[in-house]
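Visitor: Have a look; sequence and predicted model below, questions after that.
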Number of protein chains: 2
Amino acid sequence: MIKIKGGVCAAKGFKAAAYAAGIKYQGRTDMAMLYSESPCAVAGTFTSNLFKAAPVIWDADIVHGRGRAQAVVVNSGIANACTGEEGLDCCRSTAKAAAEALGIETEDVLLGSTGVIGMQLPVDKLEAGARALAGKLAGGADAANEAARAIMTTDTHEKETAREIEIDGIKVHIGGMTKGSGMIHPNMCTMLGYLTTDIAIDRKLLQKALSLAVVDTFNMISVDGDTSTNDTLLLMANGMAGNPVIDTEDERYEIFKEALFDVCLYLAKEMAADGEGATKLVECTVRGADTKDNARTLAKSVICSSLVKAAMYGCDANWGRELCALGYSGVTFDPKKVDMYFKAGDHEMLIFTGGVGTDYSEEEAAKLLSEDHVEIIADMHMGDESAVAYGCDLTYDYVKINADYRS
Amino acid sequence: MIKIKGGVCAAKGFKAAAYAAGIKYQGRTDMAMLYSESPCAVAGTFTSNLFKAAPVIWDADIVHGRGRAQAVVVNSGIANACTGEEGLDCCRSTAKAAAEALGIETEDVLLGSTGVIGMQLPVDKLEAGARALAGKLAGGADAANEAARAIMTTDTHEKETAREIEIDGIKVHIGGMTKGSGMIHPNMCTMLGYLTTDIAIDRKLLQKALSLAVVDTFNMISVDGDTSTNDTLLLMANGMAGNPVIDTEDERYEIFKEALFDVCLYLAKEMAADGEGATKLVECTVRGADTKDNARTLAKSVICSSLVKAAMYGCDANWGRELCALGYSGVTFDPKKVDMYFKAGDHEMLIFTGGVGTDYSEEEAAKLLSEDHVEIIADMHMGDESAVAYGCDLTYDYVKINADYRS
């Protein structure tokens, strides 16, 4: 597996475009389109929030129903959530406009929206945007990058990546783009993520690989504990790599699964590190847990703690807060058995063992915690299971961004 | 029931004192003592965090064991949590010093600590403090107030209250003090809370009344979602009012229960309003829920949302965030049936109904949200159950306080 450029256009036959539709933001692009030259098998995971945005309802119908599509239209600025029938009508109109311009069926068009909840989208702008995007489609890294930028809200930079693997001697590609960066606490999927691949694979295996990848990637990140109404992760496979179709869980499937996981993990960590107002990526590894689920719960409890996050911002080795978060996670363990470490790069410090703090150097710990990427490691000494969760620090800028987001 | 002055000294036979032991803070009191002239039946609830602080272990043994005590010694600055055997030894030494000075048994002394986790308490200062406090005990409102101030950490003001009720024609009193104001997300009890009463009541009924009161008061507040290692709520009843002992759940028990609930609710709301960095009390009422537990879960989900809290700080009627928090709470409901209102004082605005936002005035909503006490009301239209949760806004000062708490 090698890391390559090209984002969502790295896989054969995929094109992208971005457009400034003037939906809410000024002076920037706010609509993106992905298009595959041939029909794709699609897999997807969606928010568990009961208030599902209109495009989530639209996409879930297609993904769980016919299971194929050929294009995606995404807008930023307005989420089209809590918008009732009018919101669903807007979905249909936008998909129809895109489909007519692309010469495909309305149900071949998937949709995504992100931004303020509750406002109605200006349907005329969406329709005009969809038509304009169809005329601007292009392959290559530049087009992919422009699309990744158009779907950003409070993100400070675009998030995209791609991998190349070899299956039956044939080069296969997987690329993707995502956006954060607030209301990020995915449950069954992430905020907005679009993955493309030219692999030829059975649709059920495609969904299985995606569902597995999500569990330990997008579902293990949190910026603020808020599970969005719009969380959507889509994976489109057009088969244009030309490999013999993968229809059993053989070695080829494993190679694909591993590469897909790698793409998801890279994008998930990028989202955590670029959480609203964040200055650093905070990673919590729990090892020695009795079950995998308990390891995940413990790790997530630590990275979700407001007090841990604020201490990380202050580079303060206030380690009682990490232990406190383990202790209220709901998982049963023996507090006396826990070892806890702080780590950055190759620098690891044992902070807590045998029920008490170690005689560590505060100065050294503060220096370690001032790095861009800080790891918290808890060894529960209960078993062999481990999990990693990804978050960020809590800063003044998080409050600033979210106290006046709409204005 | 009437509201009276006197806090923890409002009930007959209770005395209090405060002392500057120099444990961690400079230029302020940091130890408090409560003492009853006669032995008390005690009830208590404690943190569900697995990392239980040493004084929590000490108190739980006494409350669930012998069930009586006569004094409480509390310190602020250091939490005596994650301190192993040395922490427990410090508890014993402090209780012993207090007991000797007061002429009671070591096990008659309950303890409480709050502050930084992981540091050891200076046992000599605690012992000297306990002796000094015993010599300074006094009844009356001033002594109670001084004790309430000595247990504060990041609180901006002391929290105390008292009520007078009549039982069998005899005046009975209930008073209390609590402290917040970060790591507040009580589970089975609150941070530190001390309640005193002169009622004569069976110990089991005392515990039952306290456990019931906690559910819809202290357990319904949250400042930051972090359940502390030290959460402790104690209720001491010395029987000195002279009423015939209450030993069944009769009308007199109901009168007491109601007054106890009122004391707990007052103190809980005070804690929420004085959450770290908070500028306002945010109250969420959920009504029309199918079960009481679901009403509680929904209301707490809203007040715990970082995005709701930041919007409240910005006085931004970004109502999608409240709905989003209802939607990911885990409770099942029909999103189309939900009505949501913002309210402050007598001013109530319908914001969301029938699955979409109303045509409300943004200007009017921003004005409403700028009040000190803001209510969010969600009617689920599923049944007759309701619950109220109490929280606060998320501000720059929360981050400031917690990014450099230890320094």
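Guide: Thanks, I have it.

Visitor: Show me the helices in the stretch 151-300 of chain A, by range?
Guide: Assigned by DSSP state H, counting those that start in this stretch, the stretch 151-300 of chain A shows helices spanning A:203-215, A:251-273, A:292-304.

Visitor: mind putting the ones you listed in JSON lines, distance to B:Ala71, mean neighbour count and mean pLDDT included?
Guide: C-betas here are computed from N, CA, C, even on glycine. Output for the helices of the stretch 151-300 of chain A, formatted as JSON lines (distance: least, Cβ to Cβ, whole Å; neighbours: other Cβ atoms under 10 Å in any protein chain shown; pLDDT from 0 to 100):
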{"stretch": "helix A:203-215", "distance to B:Ala71": "52", "mean neighbour count": "20", "mean pLDDT": "95"}
{"stretch": "helix A:251-273", "distance to B:Ala71": "49", "mean neighbour count": "21", "mean pLDDT": "94"}
{"stretch": "helix A:292-304", "distance to B:Ala71": "36", "mean neighbour count": "23", "mean pLDDT": "95"}
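
Visitor: closest one to B:Tyr341 among these?
Guide: Of all the helices of the stretch 151-300 of chain A, helix A:292-304 sits nearest to B:Tyr341, with 29.2 Å by Cβ to Cβ.

Visitor: Can you classify A:Ala143 by secondary structure?
Guide: Classification of A:Ala143 using DSSP: H, G, I helix; E, B strand; the rest coil returns helix.

Visitor: isn't it right up against A:Tyr19?
Guide: No: in this structure A:Ala143 lies outside contact range of A:Tyr19 using Cβ atoms under 8 Å: 11.8 Å.

Visitor: would JSON lines of the helices of the stretch 151-300 of chain A with distance to chain B be doable?
Guide: Shown next, in JSON lines, are the helices of the stretch 151-300 of chain A (distance: least, Cβ to the nearest Cβ, whole Å):
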{"stretch": "helix A:203-215", "distance to chain B": "16"}
{"stretch": "helix A:251-273", "distance to chain B": "15"}
{"stretch": "helix A:292-304", "distance to chain B": "8"}
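
Visitor: Export these as TSV, with columns for distance to B:Leu326.
Guide: Converted to TSV, those look like this (distance: least, Cβ to Cβ, whole Å):
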stretch	distance to B:Leu326
helix A:203-215	24
helix A:251-273	24
helix A:292-304	19
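
Visitor: looking at the ones you listed, which is closest to B:Leu205?
Guide: When those are ranked by proximity to B:Leu205 (Cβ to Cβ), helix A:292-304 comes first, at 36.2 Å.

Visitor: what element comes up after the closest one heading to the C-terminus?
Guide: Where DSSP states H and E defines the elements, the next helix or strand beyond helix A:292-304 is helix A:306-313.

Visitor: and that next one, C-alpha only, in CSV?
Guide: Backbone C-alpha positions of helix A:306-313 (Å, rounded to 0.1, in the frame of the first residue of the first chain) are rendered in CSV as follows:
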residue,chain,number,x,y,z
SER,A,306,-13.9,18.9,29.0
LEU,A,307,-11.4,19.1,31.9
VAL,A,308,-8.9,16.9,30.2
LYS,A,309,-9.2,18.9,27.0
ALA,A,310,-8.8,22.2,28.9
ALA,A,311,-5.7,20.9,30.7
MET,A,312,-4.2,19.8,27.4
TYR,A,313,-4.7,23.3,26.1
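
Visitor: Tell me the residue of the stretch 51-200 of chain A that sits nearest chain B?
Guide: A:Ile117 (2.2 Å; Cβ to the nearest Cβ).

Visitor: what ranges do the strands span in the stretch 101-250 of chain A?
Guide: Assigned by DSSP state E, counting those that start in this stretch, the stretch 101-250 of chain A shows strands spanning A:109-116, A:159-167, A:170-179, A:192-197, A:232-237.

Visitor: So which bits of the longest one are buried?
Guide: For strand A:170-179, the buried set under the neighbour-count rule, 16 or more other Cβ atoms under 10 Å in any protein chain shown, comprises A:Val172, A:His173, A:Ile174, A:Gly175, A:Gly176, A:Met177, A:Thr178, A:Lys179.

Visitor: Also stretch A:338-349?
Guide: A:Val338, A:Asp339, A:Met340, A:Tyr341, A:Phe342, A:Lys343, A:Ala344, A:Met349.

Visitor: contacts for the lowest-mean-pLDDT helix or strand in chain A?
Guide: In chain A, the helix or strand scored least confidently by mean pLDDT, DSSP states H and E is helix A:396-403, which has a mean of 89. Counting contacts by Cβ atoms under 8 Å, 6 or more residues apart in numbering or on different chains, the residues outside helix A:396-403 that touch it are A:154, A:182, A:224, A:275-278, B:306-307, B:310-311, B:313-314, B:316, B:394-396, B:398-400.

Visitor: low-scoring pLDDT stretches of the stretch 151-300 of chain A, where are they?
Guide: When residues are selected by pLDDT under 70, those of the stretch 151-300 of chain A lie in A:187-190.

Visitor: ok so, going back, quick check: which of the helices of the stretch 151-300 of chain A is nearest to A:Leu133?
Guide: That would be, of those and by Cβ to Cβ, helix A:251-273, which comes in at 22.5 Å.

Visitor: Okay, and the beta partners of A:Cys40?
Guide: A:Cys40 has these beta-bridge partners by DSSP bridges: A:Ala69.

Visitor: For B:Ala54, see how far away the residue lying farthest from the centre of chain A is.
Guide: Relative to the C-alpha centroid of chain A, counting by Cα atoms, centre = their mean, A:Asp359 is the outermost residue, at 38.9 Å. A:Asp359 sits 20 Å away from B:Ala54, going by Cβ to Cβ, to the nearest Å.

Visitor: Over to A:Tyr398?
Guide: 34 Å.

Visitor: higher neighbour count, these two?
Guide: A:Tyr398 (30 against 27; other Cβ atoms under 10 Å in any protein chain shown).

Visitor: about what we covered before: which of the buried residues of stretch A:338-349 fall in strands?
Guide: A:Asp339, A:Met340, A:Tyr341, A:Phe342, A:Lys343, A:Ala344, A:Met349 (DSSP state E).

Visitor: who does the fourth one bridge with?
Guide: Beta bridges link A:Phe342 to A:Met349, A:Ile376, judged by DSSP bridges.

Visitor: Correct me if wrong: it contacts A:Thr358.
Guide: No: in this structure A:Phe342 lies outside contact range of A:Thr358 using Cβ under 8 Å: 10.9 Å.

Visitor: ok, A:Gly6 touching A:Ala162?
Guide: Yes: with contact defined as Cβ under 8 Å, A:Gly6 counts as touching A:Ala162 (4.9 Å).

Visitor: Can you work out which residues contact both of these two?
Guide: With Cβ under 8 Å, 6+ apart as the test, A:Gly6 and A:Ala162 both reach A:His173, A:Gly175.

Visitor: More neighbours: which of the two?
Guide: A:Ala162 (27 against 22).

Visitor: give me the residue from the stretch 151-300 of chain A nearest chain B.
Guide: A:Thr227 (3.8 Å).

Visitor: What is the neighbour count of that residue?
Guide: 25.

Visitor: hang on, isn't it packed against A:Thr47?
Guide: Yes: using Cβ under 8 Å, A:Thr227 is in contact with A:Thr47, at 6.4 Å.
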